[in-house]
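Undergrad: I would like to see how this sequence folds:
(chains A and B)
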There are 2 protein chains.
Amino acid sequence: MPSKPTAAILTIGTELVTGQRLDTNSTEIALALHAAGFTVTEMLSLGDDVAACARQLERLCAACELVIVTGGLGPTHDDITREAASHALKRPLLRDQSIAEGLLTVIARHRDPKAAEHILLQADILEDATVIPATTGTAPGQAAATPRGTLLLLPGPPHEMRPMLAAFLGEHHTGVPPVRLRCTGTTESDVQLAAQRALAGHRGVELTVLAAPAEVEVVLFDEGAGEEGLLAAGLAVEAALGDVCYSNDGASLAEVVVRRACAAGVRLACAESCTGGLIASALTDVAGASDVFTGGVVAYSNDLKIAALDVPPGLLAQFGAVSGETAAAMAEGIAALTGATYAVATTGIAGPGGGSYEKPVGLVWFGLVTPKGTSTSCRSFPGDRAGVRIRATRTALDLVRRALPEAQ
Amino acid sequence: MPSKPTAAILTIGTELVTGQRLDTNSTEIALALHAAGFTVTEMLSLGDDVAACARQLERLCAACELVIVTGGLGPTHDDITREAASHALKRPLLRDQSIAEGLLTVIARHRDPKAAEHILLQADILEDATVIPATTGTAPGQAAATPRGTLLLLPGPPHEMRPMLAAFLGEHHTGVPPVRLRCTGTTESDVQLAAQRALAGHRGVELTVLAAPAEVEVVLFDEGAGEEGLLAAGLAVEAALGDVCYSNDGASLAEVVVRRACAAGVRLACAESCTGGLIASALTDVAGASDVFTGGVVAYSNDLKIAALDVPPGLLAQFGAVSGETAAAMAEGIAALTGATYAVATTGIAGPGGGSYEKPVGLVWFGLVTPKGTSTSCRSFPGDRAGVRIRATRTALDLVRRALPEAQ
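TA: Numbering: from 1, shown residues only, chains lettered A, B, ... in the order given. Next up, the predicted model:
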């Protein structure tokens, strides 16, 4: 296969390198470029420094077929991208008279005559560059030829950048979308090993494994396999992963649970102690959750476990709040209160305080009610308070997913 | 003042340059470095390519006093940071036996003997580098001397990276920590204007205003004012902002609510419809929340509003679930169920469906119970489902904050 064209992304803005603003443009552009068949070799962020930007632009244009720059095209003194590109390509900026005329209405809105000079800078175009008209802002984009390919200058605001990028890539689309398999209840290394084995007979597929707390994602990219080859590889890996793989279309665990409950026509509920509302908020984050999720109780205190969930006080006294008996009683209590057919409950020690030798921080009991009856299970999670809570939430959702019939 | 030391940040991972994962580490580290007195000259992301990473690392180490790398320190085949750093610094990797022994317990959990080889790679340390022990993961960090200063290798998962960065910067702190004022219930431009006016008489202070849904943060950096000058500027801005400013020490809104309730010796509860557990999870995210937060009910369905919160069915029929009457009844219901003195309730339309001409998407009613009685209020939020939910959550927490006496 011919090797893929290479691309680099440069985002310009002092607010980025001082950590004042999170750069989301680079990730969005990288995803679009990767899907369009480019290999992005680097993503770089620099401050509003003409010399530094010119130097790096020269390096990137020499190394890559496509260089996309965002930011620094506006009308203020720190918008230095045009000047940096002019230095890097050794090509002058020429004022485009029709763009300048269009900017006169913008200038008319400002009372300050000094602003006019700055606003008109947006009409300065690199010699021989193609103008990409601004549809949602005032600064146009520019596409200039480089010795290796193209330099594309786009505005920084995502809603201005997006349509220009889409217009440019619409003309340059070459790729196959990646396959994404999301897993839980397993480890990064187990997933890696299973995927590598399953891919043994498949050529031209690039494997990436991403880990988050109680979540592992496999991403397969086309590196010559083509669309059919990539899909076949995806099916092979999915089969090898088995039921730890909960989605092959990007859906979150909560989405899969809602989808399965919807298909089965059943209703869900949850009773949470240590997860403190995270299960309910994950489910209600899914649009349309109200069709299947009746609600839940965050029973943080023993009193509320008794008052809202009918957990017997004697049971709490005998086994403690963090126990299989209490988890089962909580799940049964919320099922009875809501009339849900499937209910899950959590009770555990998220930390940092509250742990003991017998019940250490990270210990979580789960109760699960299904039409087959009530069951309990217990896990010991690593990590800090936030880590324990998110792991317990994903585990609870996964218990419900596995209990529900698969959606067809 | 002497010129600031320069720093560069390199994040490594094919998932970054393919747009699969948003890089938040660079921004977080840039902010910490900026606050610690460094000038960050560039932030770079590269894929898992040993040669490319080694080449760029060599360039960055030659250009900057401090180079921080995150990612690629784990146990899989694409964790290539150690090798790249070894090439760049022309220094061998040596296996640290005590780290290797610590990893044996991790290996013992895997059935596959092949995984052991990969896991042990995490014990490979650059010659003469200082090991930064892993407290929340398995991969240790490393700090190696470079001709110009230091190369710091940190793991990619933020919860593993964070404590190591803090430990390193704690020892290398050169600057005055910034003043951070967090606000809610106001707009970015109002905050900007108030802060600029308050800073009129203060020299050597850099002002940054950051906006997120229902949250505006003012950050003041020392640019010559010195510690006392910066604190004075902070007090002036805080006074100008008034009670929209809820914290001056980095505390989250939920933390401030828990702190105030703790100081007042009162108990809190919440009843959530459209926020679906987000208020409860924000409060229970605060360590020690169990001292003041009794719990809550996520009453997503009308049935549960009736069954758990005693909302009269006739009231629901007459005014609808999204109404001041229902919000008040929900707040009173959860207060009665839990015995809490302060209770807040939300009911609204998060979207994307469910809106009407009279009750559009974004409309949220709040009910608040305090010792003074029950009150209701109504807001119309912009944004998508997630945006409406987070804005409603922050607004509800702010209602409770304002109702509680200030902690002394």
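
Undergrad: C-alpha from now on. contacts and neighbour counts both.
TA: Fine.

Undergrad: for chain B, what are the nearby residues on the stretch 151-300 of chain A?
TA: Counting by Cα under 8 Å from any Cα of the partner chain, the stretch 151-300 of chain A comes close to chain B at A:189, A:192, A:208, A:210, A:212, A:274-281, A:284-285, A:287-288, A:290, A:293-300.

Undergrad: got a quick PyMOL command for the buried subset of these?
TA: Per 16 or more other Cα atoms under 10 Å in any protein chain shown, the buried members of these correspond to this PyMOL selection:
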select buried, chain A and resi 189+192+208+210+274+275+276+277+278+279+280+281+284+285+287+288+290+293+294+295+296+297+298+299+300
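
Undergrad: for residue B:295, see how far away residue A:353 is.
TA: Distance from residue A:353 to residue B:295, counting by Cα to Cα, to the nearest Å: 18 Å.

Undergrad: now residue A:61
TA: 58 Å.

Undergrad: wouldn't residue A:238 be in contact with residue A:181 here?
TA: Yes: using Cα atoms under 8 Å as the test, residue A:238 is close enough to residue A:181 to be in contact (7.1 Å).

Undergrad: need the overlap of contacts for the two.
TA: By the contact definition Cα atoms under 8 Å, 6 or more residues apart in numbering or on different chains, residue A:238 and residue A:181 are jointly contacted by A:245, A:248.

Undergrad: ok, how many other residues are close to residue A:170?
TA: Here the count is done by other Cα atoms under 10 Å in any protein chain shown, and residue A:170 has 11 residues near it.

Undergrad: again, but for residue A:317
TA: Residue A:317 has 10 neighbouring residues, counting by other Cα under 10 Å.

Undergrad: tell me the spacing between it and chain B.
TA: From residue A:317 across to chain B, the span is 18 Å (Cα to the nearest Cα, to the nearest Å).

Undergrad: for that residue, which three-state class applies?
TA: Under DSSP: H, G, I helix; E, B strand; the rest coil, residue A:317 falls in the helix class.

Undergrad: quick one, what contacts whatever residue of the stretch 301-408 of chain A ends up closest to chain B?
TA: Nearest to chain B, among the residues of the stretch 301-408 of chain A, is residue A:301, at 5.0 Å (Cα to the nearest Cα). Residues near residue A:301 by Cα under 8 Å, 6+ apart: A:273, B:290, B:293, B:294, B:295.

Undergrad: hang on, the last one is in a helix, isn't it?
TA: This points to residue B:295. No: applying three-state DSSP, one finds residue B:295 to be strand, outside a helix.

Undergrad: didn't it look like it was pressed against residue A:299?
TA: Yes: shown here, residue B:295 and residue A:299 form a contact pair, counting by Cα under 8 Å, at 5.0 Å.

Undergrad: anything in contact with each of these two?
TA: Any residue near both residue B:295 and residue A:299 by Cα under 8 Å, 6+ apart counts here, and that gives residue A:276.

Undergrad: farthest-apart pair in the contacts of residue A:301, please.
TA: The distance between the two most remote of the contacts of residue A:301 (Cα to Cα) is 11.3 Å, for A:273 and B:293.

Undergrad: now do the shared contacts for these two.
TA: Joint contacts of residue A:273 and residue B:293 (Cα under 8 Å, 6+ apart) are A:300, A:301.

Undergrad: let's verify residue A:281: helix, strand, or coil?
TA: With three-state DSSP as the basis, residue A:281 sits in helix.

Undergrad: pretty sure residue A:275 is touching residue A:393, no?
TA: Yes: between residue A:275 and residue A:393 there is a contact under Cα under 8 Å: 6.2 Å.

Undergrad: who touches residue A:406 in this structure?
TA: Residues in contact with residue A:406, defined by Cα under 8 Å, 6+ apart, are residue A:260.

Undergrad: look up how far residue A:257 lies from it.
TA: Residue A:406 is 10 Å from residue A:257, by Cα to Cα.

Undergrad: so does the one helix or strand residue A:34 maps to get close to chain B?
TA: Assigned by DSSP states H and E, residue A:34 belongs to helix A:25-35. Yes: applying Cα under 8 Å from any Cα, one finds that helix A:25-35 is in contact with chain B at A:26, A:27, A:28, A:29, A:30, A:31, A:32, A:33, A:34.
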